[in-house]
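any chance you could fold what I've pasted below:
(chains A, B and C)
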Amino acid sequence: MKIYDGRYVISGLIVFIALATFPVWFNRGKVSPSPEPKLDTPAILEMVQKKCVLAKDEMRIGHMRLLDQWRTEVVRNGRRIYTGMDGKIHEMSFQNECLKCHSNKTTFCDTCHRYVGLSSSTPYCWTCHIAPREND
Amino acid sequence: MNFIISLMAVLALVVAAFLGIEAAGLSRVFGVAIPYAAFILLISGVVYRVLNWASSPVPFRIPTTAGQQKTLPWIKRDRFDNPCNKIEVLGRFIMEVLFFRSLFRNTRAEVDKGPTLYYQWEKWLWLGGLALHYSLLVIILRHLRFFAEPVPSFVPVLGGMDGFLQVGLPGIYVSDAVFMIAVTYLLLRRLIIPRIRYISIPADYLPLSLILAIGVTGILLRYFTRVDLLKVKQLAIGLINFQCVVPEGIGTLFYIHLFLVCTLIAYFPFSKLIHAGGIFFSPTMNLPNDSRMRRHVNPWDYPVEVQTYVEYEERFREKMIEAGLPVAKDIAAGGPAIYSLTKK
Amino acid sequence: MARLPKPSELGLDHALPKKGWMDTSVDFRSGTWSHPARAKNLEAVGFLNGREWSPANHDWKLPANWKRIVFEGIRERLEKFRSLRIFMDVCVRCGACADKCHFYLGSGDPKNMPVLRSELLRSIYRGEFTLAGKIMGRLAGARKLTESVVKEWFYYFFQCTECRRCSVFCPFGIDTAEITMIARELLNLLGLNIDWIAGSVANCYHTGNHLGIQPHAFKDMIDFFVDEIEAVSGVRIEPSFNRKGAEVLFITPSGDVFADPGTYTMMGYLMLFHEIGLDYTLSTYASEGGNFGMFTSHEMMKRLNSKMYAEARRLGVKWMLGGECGHMWRAVNQYMDTMNGPADFLEVPKSPVTGTVFENASSTKMVHIVEFTADLIKNGKLKLHSGRNNNLVMTYHDSCNTSRGMGFFEEPRYVIKSVCNNFYEMPRETIREQTFCCGSGSGLNNDEFIEMRMRGGLPRANAVRFVQERHGVNALSCICAIDRSALTTLMDYWVPGVSVYGVHELVGNALVMQGETERKTDLRGEPLPGTEAVEDEDI
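Predicted coordinates for the structure are as follows:
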C-alpha cells in the first residue's frame, strides 16, 4: 500500500498517538503507590479509641460534605454541637475539632488532595482557616 | 424512531455494565479488559482509517476558495479564505479547526410567498458545536488527574478555572454545564427541526445519546453519588502502568460510566466521529489555491486519446482553405505536411 | 420544450414527505430531467453502453453486468481520489448545507439538500464497501445497490450544477461538486448521460467547440462581428485565425461566438484587442474555452482540454488569454496544468501594454481577460467613456466556478465600476463566495430541464429582484457564457426588465477607440443614453 503525503500523514499519526498515550509516557511506568494519609500525630497517638466522627470509609468520600454541613450549621444556624456515630458529642469546629487530631496538613490532607489533582484553591478551607503549624 | 433505536442501544450498554458488575462481578472485565480492548481499537482504528485515506492520492488541486485570490499586486487578497501557500493554508486550518470558520458562515434560508427568500442570522449550530467540542476538551484534560502521577501542573489550574463559580460541593464545573447544554441542544435540534430530523440516521443519534449518557453518569458520580477518587485513580494508574489493580468497592455507576466511555472510543474510528481526523485530509481545505503558479502533479496521470490538430485539419482542410484559414498542409503544392505533433 | 408553468403557478413547497428518503422513489416529471444521451454521441468519443432509452420508461436497459461495473467504478475511484474517500467518511449530517443549495431552495425536494444528494452515493458506499454498513445496514445509513438507486442517481446528480456553494458552509469542506462529478462518471460507465452534455462533448471533440461550429462558420461569425463593430464605431478591426507566431492565443467559450448576448461580449474582446494593438490569434481547432468533458468524467475533461496547450504549442505563441467563462476557469485554474501541462513551451505571461508580469499564472501561462483588462485600466492605458453605460443600473453576478474554484471577486468589480457609473451589490448572502448559481450550470442549460432551471435560479433571481426594487437595477453583468444565456431566460421569467451583460460588452461600449466615429448606439444597436450631451471622462 502506497502512502501519499507520507511526511504529513506519519507525523500526524505520531502526534495523535503521542497525545492519546500521554499518561503512559508521562508516568514512564513509575508505580506511585496510592497515598497513605498519616495518622501519627501526637493527639491521635494518645487516643485510646482511634475513631473519627464517622467511619473511615465514609470520611474518605464524604468529609467534604460533612465539613460543608458543619460550616452551614455554625455560620448560618449558630449550632455547634454534632453527635457522632457512636453518640459522642463533637464541637462543630474545623479548627478546634478536626485539626486537633489532624494537625498534619501536609502529610494528611495534602497527600490525597494532590494525588487526585485538586487545585491549590480547592478545597478552599485554607482561604479562611489557618493551617496548623507543623514541625518536621 | 431512529432516536429511539440509539437510545435503546445506549440503555442496553448501561444494563450490560450493570449486570456485569452487580450480577456477574466482572469488575476485572469492565475495569481492565474492556478499557484495554477499547483503547487498542481506538489507536489501531484511527491508524487504519488514516492510512486508508492516505493510500489514495490527491490527483487535482481543488481547494474551495472563499475569498479573493492572489492576483495583481494592487488587489487586496484574502489570505485565510483563499490561501496561496502552505503557511496560509495553516492559517485557514487554524481558523477552521479551532474556530469552525465555515460553520460560522451559516445562515438560515426561509421561503415566503412570492416566492421570496430570506437569509436569517443563524449561529446556534456554530455555537453549539463549538461549545460541545471545547467543553469536551476541557473535560478530557481534567480527567488527566486520574491518569497521570504526578498530576501535570496545568490540570489543577484548569480545574480551578473551570470550577471558578464555587457553587455547591463538590464545586460545579462550568464545562460540565456547557457540555450538557450543548449535547442537549444538538440532540433536540435533530429531533425538532424537521429538515434535520429527515436527514438524521441512527448513526447520528447514537454518538449523541452515548455522550449524553456519559455526561449524566459522570455528573451523577461527581455531584450526587459518591465515589472514592483514590480507588478510581488507583485503577487508572494501574491501567496506565500495566500493573492492574482493581480496588474493591468503587461502585457500579463508575463501571457504567467507564464502559460507556470505552464504547465511545472504540466506536470512534468506525463511525462519523472520525471526522475529527478526516478534516485534516479534506482536499478542498488543505491545499493552497496556487495551481496557476505551481504545477500540481497527478501521480496516476495517464495518456488519453485526443483529437490532434492533424486529424482536425484532415477533416476540415478544404473548408478551411475555402474560408481563407491557414492550413499546415498545402494541397495544391502536394508537398509534405509540416505538422508539429501535439499528441502526448 | 417542456411546458413551463407561470411563476405564480409554479408552487413551492418545502414540506417533507412522511416516508424517509430511502423509501421514496423518483418521480420523473417532465421539466425536471434532461433528455438521455443518444448512442451516437457517446460512441463518438468511445463511451460504452450507448443505447436508446428514456428515464420515463420503467426499463432503462442497463447492461447485464451493470452492478459489477458500478462496484468496480466506485472501487477504482476510491483508490484514485482521496476526496471521495474523505467525503464518503466524514459527513456528520449537521445540516449546515441543507438550505444552501439553490435546487433545494427552489424545488423543496429534500434529496436536493447537498447532504442527501451525497447520501445517495454514501449509502451505497457504506452498504457495499464498509464492514459497519454491511453488518448494521440501515442503522448505519447503508443500503444495497438497486436499479432504483441508479435512477435516483441519474435524477439528482443531473440536478446538481456543481456550484460548490454547499462546500463553503461545510465544516469539513465536503464538496458536492466533487461527489457529483464522480457520480456522473459512474453513470456514464452505464451509458447514463444526458444528451445536452454528451452532444456537446462529441461536438467539441470533433469540431473543436460545443456548438459544433466548423472552422469556416466560426470565421464567418467573427467576420460578422467585425462588420457590426464597424457599424457601431466606424473602426475596422482585423482578427487573425490559427496564425503561427502570434504572441497570444485567445480562447473563449463558443457561446460567445454563437449565442446572444455573449456575442456582444465577444465584440467587446475584439475591440479591446484592436485598441491596445495586441498581437493575438484565435483558433478554430481550440475554439472552445468551456469544457463539458468536466461534466462527464475527469478523463473526458482532459481529452477536451488538451487542445488548448496543443494549439498554443503548435502556433508557437508566448502565452494564453482566456475569455469570460465559469467552468472553463475552474478547469484552467484547477485542472489544466495538472492534466495537460507542464506548459514549459510558453513564457510567463507579460502584458505587452503595461509590462505587468502575471506571476499568479506563472505555471499555467494563462491569464483571465478580466485580470488583463483590470491591469490595463489601472495603468491608465484605456480611454473609457463610462457615461455610455449610464442607461444601465448595474449589479454583478459572481459565477460559481470563478468564485469558489478560483476566488475571482475584485477584478470584475474593478472593471465594471470603471465602465459603469451606477453599480449596486446584491445582498451579501448571494454574492462572492456565497453566490448563487444561475440554475443552469454544469451542462444543464437545456430546454427540457426548464422548470428545474427556473426553480434553481430562484435564489439568484430573488436577489436581483431585491436590488431592482430597491435601486432600480435593470442590468445584470457576469463573466460566464452559460450565465449570459441562462440568466437572460431566468430574468425574463422571474424579474422581467433586467438585461444580462458580459463585462467586456460594457468595456466595448465604454472604450473610446482611436479613429472612431461618434457612436450613436451601443453594441446591441440600442441608442446610447444622452448622446446629445456627453462629458468626456477619462479614467
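
where do the strands sit along chain A?
Secondary structure of chain A (DSSP state E): strands at A:81-83, A:89-91.

now the residue lying closest to residue C:487 once chain neighbours are set aside, which residues is it bridged with?
Distances taken as C-beta to C-beta, 6 or more residues apart in numbering or on different chains place residue C:500 nearest to residue C:487, at 4.6 Å, with adjacent residues excluded. From N, CA and C alone the C-beta is placed, and that goes for glycine too. Under DSSP bridges, the beta-bridge partners of residue C:500 are residue C:476.

which outside residues touch the longest helix seen in chain A?
For chain A, the helix with the greatest residue count under DSSP state H is helix A:56-77. For helix A:56-77, contacts defined as C-beta atoms under 8 Å, 6 or more residues apart in numbering or on different chains pick out A:52-54, A:79-80, A:82, A:92-94, A:98, A:123, A:125, B:169-170, B:226-230, B:249.

how about it: buried residues?
A:60-64, A:66-67, A:70, A:74 (16 or more other C-beta atoms under 10 Å in any protein chain shown).

tell me the one of those residues nearest residue B:277?
Nearest to residue B:277 among the buried residues of helix A:56-77, counting by C-beta to C-beta, is residue A:61 at 38.7 Å.

chain center to stretch C:40-47: distance?
23 Å (C-alpha atoms, centre = their mean, to the nearest Å).

typo on my end, it should be stretch C:363-373
The answer for stretch C:363-373 is 18 Å, by C-alpha atoms, centre = their mean.

likewise for stretch A:72-90?
23 Å.

stretch C:376-383 now?
With C-alpha atoms, centre = their mean, you get 29 Å for stretch C:376-383.

residues in contact with that stretch: which ones?
Counting by C-beta under 8 Å, 6+ apart, B:72, B:74, C:272, C:275-276, C:351, C:353-354, C:356, C:373, C:384, C:414-415, C:418, C:507, C:511-512, C:538-539 sit against stretch C:376-383.

would you mind checking those residues for buried ones?
B:72, C:272, C:275-276, C:351, C:353-354, C:356, C:373, C:384, C:414-415, C:418, C:507, C:511-512.

got the buried residues of helix A:56-77 as a markdown table, with distance to residue B:266 and pLDDT columns?
Below are the buried residues of helix A:56-77 laid out as a markdown table (distance: C-beta to C-beta, whole Å; pLDDT from 0 to 100):
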| residue | distance to residue B:266 | pLDDT |
| --- | --- | --- |
| A:60 | 32 | 86 |
| A:61 | 30 | 85 |
| A:62 | 34 | 86 |
| A:63 | 36 | 89 |
| A:64 | 34 | 87 |
| A:66 | 39 | 89 |
| A:67 | 40 | 89 |
| A:70 | 45 | 90 |
| A:74 | 49 | 92 |
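
which single one of the residues you listed is nearest to residue C:318?
Nearest member of the buried residues of helix A:56-77 to residue C:318, counting by C-beta to C-beta, is residue A:64, at 80.9 Å.

and whatever residue of the stretch 101-250 of chain B ends up closest to chain A, what helix or strand is that in?
Residue nearest to chain A within the stretch 101-250 of chain B (C-beta to the nearest C-beta): residue B:145, separated by 2.8 Å. Applying DSSP states H and E as the criterion places residue B:145 in helix B:144-147.

and the strands in chain B?
Counting by DSSP E, the strands of chain B are B:107-112, B:116-121.

around chain A, pick out the residues from the stretch 351-500 of chain C.
Within the stretch 351-500 of chain C, no position is near chain A by C-beta under 8 Å from any C-beta of the partner chain.

residues in contact with the residue of the stretch 351-500 of chain C found nearest chain B?
Per C-beta to the nearest C-beta, residue C:407 is where the stretch 351-500 of chain C lies closest to chain B, at 3.4 Å. Under the criterion of C-beta under 8 Å, 6+ apart, the contact list for residue C:407 reads B:65-69, B:77-78, B:81-82, B:289, C:433.

need the three-state assignment for residue C:367.
What DSSP: H, G, I helix; E, B strand; the rest coil gives for residue C:367 is strand.

just checking, it touches residue C:357?
No: using C-beta atoms under 8 Å, residue C:367 makes no contact with residue C:357, being 10.4 Å away.

which neighbours do those two have in common?
residue C:349.

more neighbours, those two?
When neighbours are counted by other C-beta atoms under 10 Å in any protein chain shown, residue C:367 and residue C:357 differ, and residue C:367 comes out ahead with 24 against 13.

what number of residues lie near residue B:243?
Applying other C-beta under 10 Å, I find that residue B:243 has 10 neighbouring residues.

need the pLDDT of it.
pLDDT, residue B:243: 87.
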